[in-house]
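Participant: fold the stuff below for me.
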Amino acid sequence: MGKNSKQLGFSYYTDSRSTQLDKIMDRNLIIGLIFIAISLWFWAIFDITRSRFKNPFMNTICLLVVLFLPILGSILYLILRKKMITKEKRKFQPNFNRTE
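Facilitator: Now for the predicted structure:
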């Protein structure tokens, strides 16, 4: 009963190797989260520019929100996207009879 934790084989992260490993894992986690946030941001901007909105004014609003609030704006856009975008295809309607 009088054995301490070193004698039992575990050390509760007191040695230097485990703290270095924790620092490396924390750094890799932060880098991964930053990469995911940047990817999400670029995907939202690309999707906003390629999508057809029900109200054309919403295109500008969504783009500004995503540009000025990158993480929060991207998440909000992805959640509200289906309500704002129309599914119908664009119609090709050239106007060749213009007189200028």
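Participant: give me the below-cutoff pLDDT ranges for the chain.
Facilitator: For the chain, the stretches flagged by pLDDT under 70 are 1-17, 90, 98, 100.
Participant: tell me the contacts of the closest residue to Ala37 other than its chain neighbours?
Facilitator: Excluding the flanking residues, the one nearest Ala37 by Cβ to Cβ, 6 or more residues apart in numbering is Ile71, at 5.2 Å. Every C-beta, even on glycine, is put in place using the N, C-alpha and C of the backbone. By Cβ atoms under 8 Å, 6 or more residues apart in numbering, Ile71 lies in contact with Ala37, Leu40, Trp41.
Participant: what helices and strands are in contact with the one helix or strand Gly32 maps to?
Facilitator: Per DSSP states H and E, Gly32 falls inside helix 16-50. If contacts are counted by 3 or more Cβ pairs under 8 Å, 6 or more residues apart in numbering; DSSP states H and E, helix 16-50 sits against helix 56-68, helix 70-84.
Participant: what about those helices, which gets the closest to Gln20?
Facilitator: helix 70-84 (29.8 Å; Cβ to Cβ).
Participant: and the angle from the closest one to helix 16-50?
Facilitator: Counting by axes from the mean of the first three to the mean of the last three Cα atoms, to 10 degrees, helix 70-84 points 40 degrees away from the direction of helix 16-50.
Participant: of all the contacts of Ile71, which comes closest to Ile48?
Facilitator: The closest of these to Ile48 turns out to be Trp41 (Cβ to Cβ; 10.9 Å).
Participant: so who does the residue nearest to the spatial centre of the chain touch?
Facilitator: Centroid-nearest residue in the chain: Leu40, 2.9 Å away (criterion: Cα atoms, centre = their mean). Leu40 is in contact with Ile71, Ser74, Ile75, Leu78, counting by Cβ under 8 Å, 6+ apart.
Participant: residue contacts, the third one?
Facilitator: In this structure, Ile75 makes contact with Leu40, judged by Cβ under 8 Å, 6+ apart.
Participant: burial count for Phe76?
Facilitator: That one is not Phe; residue 76 is Leu. Counted with other Cβ atoms under 10 Å, the neighbours of Leu76 add up to 15.
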